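Engineer: Have a look at this prediction, sequence included:
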Amino acid sequence: MSLGPNLLLALLEGTLAAFVLAVTALGLSLVFGVMRVVNVAHGEFFMLGAVLAWAFSQVIPGMPAAGFLLALIGSPIVVGAVAVAVDRAVLRRLGYEPEATIIATIGLLYVVQQLVLTFYGPTARPVVAPISFRVLFPWFGYSGYKLIVMAASAALLIATWFTLMRTRIGLVMRATQFDRETAQAFGIPVDRVYSMIFALGAMLACVAGVLVVPIQQAHYLMGLDPLLLSFIVVILGGLGSLRGTVVAAFVIGLSDGIISVFFSPTLAKILATLLVALVLVFKPTGLFGARGR
Amino acid sequence: MMLTLTGIDCFYGNVQVLRGVSLQVAAGEVLCLLGRNGAGKTTTLRAIMGLVRPRAGRILLDDIELTALPPHEIPRHGVAYVPQGRRLFSELTVEENLTIGLMARERGRATLDRVIGLFPALMERRRQIAGTLSGGEQEMLSIARALCLEPRVLLLDEPTEGLMPSMIATILATVKALKSEGVATILVEQRVESALHVADRVTFLENGATRETATPTELHADPSLLHRYVGVGLRGP
C-alpha cells in the first residue's frame, strides 16, 4: 500500500480510538468536574462493561445481534447501580474529600478487578460483532462495525451535551458543580445529584467498554489503558472542561492512530505524554481550563 | 410568629459559634441582625437554611420544624436565601440562575414576570453569563433568584455590601415592598443607617449569642446599645 491508503487507514483507526476515548474520558471529566472526585476506578467500569457484554451475549446464544443489544442496555444498568451503591456506601461517607476518595477508588479498582478475576477468570474472551458487513475501499476492506462504533459514540457525546446544556436535570447538575452549598439552598438535593453524576460517568465508561468488546475482547485487566489515556485527556483538555476533554480525546486519539501506523505505538505514547507535559508547563490549566471568576 | 429560633447551638468542628440563639420574625416584619464580625450573624442564617446543623435548639416555620428537614427541603417550604457575596452560579446565564430559583418551588412564568418587573435591568441581560454582570446587577440577580421562590421568609446577608448609594436605595426599597406583601425578612447588615431605615426590630448578637432587641425608634433615642454591640454611633437622624 502506498501513502494515501495507509493514511486513510490510520485516520480511520485514529478516529475510532478518539471516539471511544472521548466517551470514556467524558465520564471521568464529568465526575471530576461536578464532584471533584478523581475516580481511579474509572477504567474498571470500562472493563465491567466489556465483561458484562460477554456475559449478556451468552444469554442469547446464536443470535449475536440480539445478545449485543441486550448487553448495550443491560450493562449500563448494572454498572450504574454499582456506581450508585459505591457513591452511597463509600464516597458520601468520606464527605467527598479529594484525598480520601482517591485512596477509596484505588481500593475499588482492586476490588472490582479481583472480583472479575474470581468469577470471570483470567482469559480474554471475544464477543461476536452484531453485524459483520465490511466497507470495501479500493485498497482494503474496513469493518462496518467500527463505523457503527464511531456513530454510536458521536450520538452519546451529543446526547450527553444535550442533557447537560438543554435539560432541567442538566441545569441542576451544572448548578451543583459551580456552587454545591448554594444549590442546596435552592432546593437541589445535592446528594442525589452526586449519585446521578457518578452513575452517569460510570455508565459512559461502561458503554465504551461494551462498544469495543467485539474489537478488543473482554479481559479483567483491560481497564488500565483507558484509565491512563482518560487521565491524559482530562488533564490536557483542562480539568472540569467537558469540551476540552472531547477535543483532547481527538488530539490524542488521532495522533495515536497515525503515529502508530507510520512509526510505532510506543512512539505514539511517548509523544502523547510529552504533549501533556508541555501543555502543563506552558498552560497549567490545560487547553480549555476554566479560570475562576 | 412565622419563624422562631429557640436556643440554637452551632459548632464548626469543635468550636462553638452559636450559643443559644433565640429570635422571632412575624409576617410582614423586617428583623435586622447587628453585631461585630464573627458575632454569628451569617451562621444564624446558615443554620436556618440547614447549611450548618444545630446541635441543640429548634427552628420552627409556623408549625414545621425546619431543624428536622434535610437542607434541600427547607427552601421548598418558602425560605429563600441571599447569601453574603451573592454566590451566583457565575458560569450560568442570568436566565439559568433565575430558572434554578423558580424550580425550587415549581414556580413558573407569572412569578418570573413579577420578579423581572422589580428588576427590569435583568431582562436585557438574560442571556449574559452571571459572573460578567456588574456588582449591583449581580446583587439584583441574587435577590431576584431568591424571590423566584415566592418566599414567605427571606434571609438577606449584607445585600448592600460594596454597592453604590443609588443601588443601595433600590435594594432597601425592594425590602420595603416585600414587607408590605407579608414576607418575613431577616436582614444582616453592617451599615447601621441602612438597617435602621428598613428594620422593624433590631436584634444584637455578640460572641454567638443573642443579646438585646430594640426598635429603631428606641435606638435613635438612645444609641448606647449600638456603641456597645457594633461600636458605632449614629450619623444624623
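Structural biologist: Nice, I can see it. These numbers come from a predicted model, not from an experiment.

Engineer: mind listing the strands in the stretch 101-250 of chain A by residue range?
Structural biologist: Using DSSP state E, counting those that start in this stretch, the strands of the stretch 101-250 of chain A run over residues A:134-136, A:141-143.

Engineer: Out of those, indicate the one that is most buried.
Structural biologist: The highest mean neighbour count among the strands of the stretch 101-250 of chain A, using mean count of other CB atoms under 10 Å in any protein chain shown, belongs to strand A:141-143: a mean of 15. Placement of C-beta: from N, CA and C, glycine included.

Engineer: That one pairs with which strands, parallel or anti?
Structural biologist: Applying DSSP bridges, strand A:141-143 is found paired with strand A:134-136 (antiparallel).

Engineer: List the contacts of the partner strand.
Structural biologist: With CB atoms under 8 Å, 6 or more residues apart in numbering or on different chains as the test, strand A:134-136 has contacts from A:141-144, A:147.

Engineer: Tell me the one of the residues you listed nearest chain B?
Structural biologist: A:Leu147 (36.2 Å; CB to the nearest CB).

Engineer: Show me what the helix ranked longest in chain B is packed against.
Structural biologist: As assigned by DSSP state H, the longest helix anywhere in chain B is helix B:165-180. Helices and strands touching helix B:165-180, by 3 or more CB pairs under 8 Å, 6 or more residues apart in numbering or on different chains; DSSP states H and E, are helix B:135-147, strand B:184-188, helix B:192-198.

Engineer: And the strands in chain B?
Structural biologist: Taking DSSP state E, the strands of chain B run over residues B:3-12, B:15-25, B:30-34, B:56-61, B:64-65, B:79-82, B:153-157, B:184-188, B:201-206, B:209-214.

Engineer: Show me where chain B dips below the pLDDT cut-off.
Structural biologist: Where chain B drops to pLDDT under 70, the residues are B:233-237.

Engineer: Return the residues of it in contact with chain A.
Structural biologist: Residues of chain B lying near chain A by CB under 8 Å from any CB of the partner chain: B:49-51, B:70-76, B:81, B:83, B:87, B:89-92, B:96, B:99-101, B:103-105, B:131-132, B:145, B:149.

Engineer: buried subset of these?
Structural biologist: Neighbour-count burial (16 or more other CB atoms under 10 Å in any protein chain shown) applied to the residues of chain B next to chain A gives B:49-51, B:71-72, B:74-75, B:81, B:83, B:87, B:89-92, B:96, B:99-101, B:103-105, B:145, B:149.

Engineer: how deep is residue 162 tucked in, by neighbour count?
Structural biologist: You didn't pick a chain, so chain A it is. Number of residues near A:Phe162 (other CB atoms under 10 Å in any protein chain shown) recorded here: 11.

Engineer: wrong chain, I was asking about chain B
Structural biologist: 12.

Engineer: Could you confirm A:Ser255 falls within a helix?
Structural biologist: Yes: assessed by DSSP: H, G, I helix; E, B strand; the rest coil, A:Ser255 belongs to a helix.

Engineer: so what's the spatially most central residue of chain B up against?
Structural biologist: Centrality entry for chain B: nearest residue to the mean C-alpha point is B:Leu156, 1.7 Å, by CA atoms, centre = their mean. For B:Leu156, the contacting residues are B:82, B:143, B:175, B:185-188, by CB under 8 Å, 6+ apart.

Engineer: got it, and A:Ala124?
Structural biologist: Applying CB under 8 Å, 6+ apart to A:Ala124 gives the contacts A:217-219, A:222.

Engineer: how does it look with 10 Å?
Structural biologist: A:50, A:54, A:216-222 (CB atoms under 10 Å, 6 or more residues apart in numbering or on different chains).

Engineer: Of the residues you listed, which is the most crowded?
Structural biologist: Neighbour counts for the contacts of A:Ala124 peak at A:Ala50, which has 31 neighbours (criterion: other CB under 10 Å).

Engineer: Go ahead and confirm that one touches A:Arg125.
Structural biologist: Yes: judged on CB atoms under 10 Å, A:Ala50 makes contact with A:Arg125 at a distance of 9.2 Å.

Engineer: Now B:Leu45: closest residue in space, sequence neighbours ignored.
Structural biologist: The shortest distance from B:Leu45 to any non-neighbouring residue, by CB to CB, 6 or more residues apart in numbering or on different chains, is to B:Leu155 (4.6 Å).

Engineer: let me fix that: B:Asp157
Structural biologist: B:Gln84 is the one closest to B:Asp157 (CB to CB, 6+ apart), at 4.0 Å.

Engineer: Can you read off the backbone torsions of the one you found?
Structural biologist: Backbone torsions for B:Gln84, taken as degrees, to the nearest 10, come to phi -60, psi 140.

Engineer: pretty sure it is in contact with B:Thr43, am I right?
Structural biologist: No: applying CB under 10 Å as the test, B:Gln84 and B:Thr43 come out as separate, 11.0 Å apart.

Engineer: These two - which one has more neighbours?
Structural biologist: B:Thr43 (22 against 16).

Engineer: The residue of the stretch 51-200 of chain A found nearest chain B: how many residues sit nearby?
Structural biologist: In the stretch 51-200 of chain A, no residue comes nearer to chain B than A:Gly187, which is 3.6 Å away by CB to the nearest CB. A:Gly187 is flanked by 23 other residues according to other CB under 10 Å.

Engineer: do the same with A:Met165
Structural biologist: For A:Met165, using other CB under 10 Å, the count is 12.

Engineer: can I assume the residue nearest to B:Leu45 is in contact with B:Thr43?
Structural biologist: No: if you go by CB under 10 Å, B:Leu155 and B:Thr43 don't touch, sitting 12.0 Å apart.

Engineer: and B:Pro159, what does it touch?
Structural biologist: Going by CB under 10 Å, 6+ apart, B:Pro159 touches B:82-84, B:86, B:139-140, B:142-143, B:146, B:167-168, B:171-172, B:174-175, B:187-189, B:194.

Engineer: Spatially nearest residue to it, not counting backbone neighbours?
Structural biologist: The shortest distance from B:Pro159 to any non-neighbouring residue, by CB to CB, 6+ apart, is to B:Ile171 (5.3 Å).

Engineer: ok, the one you found - contacts?
Structural biologist: B:82, B:119, B:136, B:139-140, B:143, B:156, B:159-160, B:163, B:194, B:198.

Engineer: returning to that earlier point: so what pairs up with the residue nearest to B:Leu45 in the strands?
Structural biologist: Bridge pairing for B:Leu155 - DSSP bridges - gives B:Tyr81, B:Ile186.

Engineer: Which residues are in contact with it?
Structural biologist: Residues near B:Leu155 by CB under 10 Å, 6+ apart: A:185, B:3, B:25, B:33, B:42, B:44-46, B:48-49, B:79-83, B:146, B:184-188.

Engineer: Near chain B, which residues of chain A? Just list them.
Structural biologist: Counting by CB under 10 Å from any CB of the partner chain, chain A comes close to chain B at A:165, A:168, A:171-172, A:174-179, A:181-193, A:290, A:292-293.

Engineer: make it 7 Å
Structural biologist: A:168, A:171, A:174-175, A:178-179, A:181-182, A:184-190, A:293 (CB under 7 Å from any CB of the partner chain).

Engineer: Of those residues, which pair is most distant in space?
Structural biologist: Using CB to CB, the residues of chain A next to chain B reach their maximum pairwise distance at A:Pro189 and A:Arg293, which is 25.9 Å.

Engineer: Which of the two has more residues huddled nearby?
Structural biologist: A count of neighbours by other CB under 10 Å puts A:Pro189 above the other of A:Pro189 and A:Arg293, at 17 against 11.

Engineer: Identify the residue spatially nearest to that one, adjacent ones excluded.
Structural biologist: B:His72 is the one closest to A:Pro189 (CB to CB, 6+ apart), at 4.5 Å.

Engineer: circling back to that earlier point, so which of the contacts of B:Leu156 comes closest to B:Arg109?
Structural biologist: B:Ile143 (19.4 Å).

Engineer: Name the nearest residue to the closest one, ignoring sequence neighbours.
Structural biologist: Among residues not flanking B:Ile143 along the chain, B:Val82 sits closest, at 5.4 Å (CB to CB, 6+ apart).
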